[in-house]
Structures are given as structure tokens and as C-alpha cells.
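>>> following is a predicted model, sequence given first.
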Amino acid sequence: MVKMLPRLPSENNINYSYRAIKEAILSLELKPGQLLSVGELAEALKVSSTPIKNALWKLQQEHLVDLIPQVGSYVSEINPELVEEAACMWFDLEKEYLKLACDNFPEESFNRLKRIIRFQELLLDSTLDQGELARKFDELDDNFHSTIFHSHHRNNTWKAISQMASDYHRMFNLTRSEHCFEDSITEHKNILAIIENKEAERVEAVLRNHILKPVYDWKEIGDEYLIT
């Protein structure tokens, strides 16, 4: 079920409810197809039903919740077409900005990428349970890629990718392997090396492996949680 999260500064009940429910959906604490009870969500998050209803409406716009009149609210099943479309958009855009980074990338942003990788490595040595480890690791992963876009002043571009890639992240969590954390760190180090050594010719191959390859691996899984 949904867990209470630490409140962000000046975060109202709607935004808090939206963030908590979305995180539970992306982490698969709320599984695709699961019935959502407004009352239970409100009780779990210690808010009234109004912000929950508003949060569910916002999540419907991101294809994460299905609101069916006279029936109920459900966590949306994963849409394979959205997964592939989001991956292709993410790949195409990050590829161009990473090539630009080979010519000009702020030192502050480069050092931030290094710190994020180090934090990810430290997480693997922690005693966190698998669920909390995955949540914190994914948050750092998001920070890593957003840094590349933010360094080119493309904050809204990354925001659009993040919203569209919700099913991509759910599929990733659904099929997360034992060694995926180590693989992700290695791939992030490859991206860092590309920027440091100005190896624009390696960008496409490295990002194809990091962003697109998982999509083709996922096509081998069953369809229990997928739209058919």
C-alpha cells in the first residue's frame, strides 16, 4: 500500500498525495490493475478524500490511473507501446544533448554526475532492504539523467520525458535483475567517460545499450500486467 513520505517544503496535500501515490505505482507497491480506494489512500496518507481525488485525476493524465465512472479507480496496466515510444524519445533527445556535452559541459554538472555515481555505489554497500534500495537508486538515476538536460537549460524537456516514461520505469522495476544496479553504475560511468574524453562517436552505442536495450529484453516477459 501507499507509504507516508517526508513532506517537501511548502508541499500542499494535493501535491503530497500525488507524489506518494505515484511513487507507490512506479515502485509496484500498487500493482497494475489494482483497485484503488479513495478512503484507504486518504487514511494511509493522513489527508482528506479531496486531495486524493485530485491526485488520482492528475495521475490519470499520465496514464498511471484509470478512472472508470460508476465502477472505480484502478492502477493502469502497463502499455508496451508507451514504453517503446518513451524509450525512443528519451534516447533521441539525450543522444543530442550528450553529444553537445562533449563540446561544452559545465564543471559543476560534471562533478555532480560523479557524486551521483558515488552515491549509487555507496547504496549498494548499505543495509537497506531491496525496496528502499531500489527507490533511492532510481531517484539518483533520475538525478543523473536530469543533470545532462538541465546543463543545457532543458528542464521542461526532461520533465516531459519523465512524465511519458512512467510505464518504462514500471517495466524496469517489474523485471529488475539481481545485477541491474551494478550494470546501471557501469553504464553511467561510460556516459561520464564520454563527456570527459569528448567521445561523441560513442554516444549512440552507449545510450542504445543503456536506454533501448532493456525494452527489447522486456518483450520476452509475460503479459500479466500489460495491456493486451
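Yep, that arrived.

>>> and for the residue lying closest to A44 once chain neighbours are set aside, the neighbour number?
Leaving out its chain neighbours, the residue that sits closest to A44 by CB to CB, 6 or more residues apart in numbering is V2, at 4.8 Å. Where C-beta positions appear, they are placed from N, C-alpha and C, glycine not excepted. Using other CB atoms under 10 Å, V2 is surrounded by 21 other residues.

>>> L30 is in contact with V2, correct?
Yes - with contact defined as CB atoms under 8 Å, V2 reaches L30; the gap is 6.9 Å.

>>> please enumerate the shared neighbours of these two.
Common neighbours of V2 and L30 (criterion: CB atoms under 8 Å, 6 or more residues apart in numbering): I21, A24.

>>> helices along the chain, start to end?
Secondary structure of the chain by DSSP state H: the helices cover 13-26, 38-45, 49-61, 80-103, 107-124, 130-150, 155-164, 166-174, 180-197, 203-207, 213-218.

>>> out of those, deepest packed?
Mean neighbour count (mean count of other CB atoms under 10 Å) peaks for helix 166-174 among the helices of the chain, with a mean of 22.

>>> now it: mean pLDDT?
For helix 166-174, mean pLDDT rounds to 89.

>>> what's the angle from it to helix 49-61?
Here helix 166-174 runs at an angle of 90 degrees relative to helix 49-61 (axes from the mean of the first three to the mean of the last three CA atoms, to 10 degrees).

>>> hey, C-alpha coordinates of helix 166-174 in PDB?
Output of helix 166-174 as PDB, limited to C-alpha atoms (Å, rounded to 0.1, in the frame of the first residue of the first chain):
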ATOM      1  CA  SER A 166       6.300   6.200 -16.200                       C
ATOM      2  CA  ASP A 167       5.500   2.900 -17.900                       C
ATOM      3  CA  TYR A 168       9.100   2.500 -18.900                       C
ATOM      4  CA  HIS A 169      10.100   2.800 -15.200                       C
ATOM      5  CA  ARG A 170       7.400   0.400 -14.100                       C
ATOM      6  CA  MET A 171       8.500  -2.200 -16.600                       C
ATOM      7  CA  PHE A 172      12.100  -1.700 -15.400                       C
ATOM      8  CA  ASN A 173      11.100  -2.300 -11.800                       C
ATOM      9  CA  LEU A 174       8.900  -5.300 -12.800                       C
END
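
>>> just how off-centre is it within its chain?
7 Å (CA atoms, centre = their mean, to the nearest Å).

>>> so who does the residue nearest the centre of the chain touch?
Centroid-nearest residue in the chain: H169, 4.8 Å away (criterion: CA atoms, centre = their mean). Going by CB under 8 Å, 6+ apart, H169 touches L26, D138.

>>> can you check G131 too?
Remark: with contacts taken as CB under 8 Å, 6+ apart, G131 is in contact with S27, E29.

>>> so V83 makes contact with T175?
No - using CB under 8 Å as the test, V83 is too far from T175 to be in contact (11.0 Å).

>>> next, show the common contact partners of these two.
By CB under 8 Å, 6+ apart, V83 and T175 have these common neighbours: W218.

>>> tell me the contacts of A20?
Residues near A20 by CB under 8 Å, 6+ apart: V2, K3, M4, L5, L45.

>>> quick revisit: of all the helices of the chain, which one comes closest to G72?
When those are compared by CB to CB, helix 38-45 sits nearest G72, at 9.2 Å.

>>> now do that closest one, average pLDDT.
Average pLDDT, helix 38-45: 95.

>>> can you offset everything so residue one is 6?
In the new numbering, first residue 6, that becomes helix 43-50.
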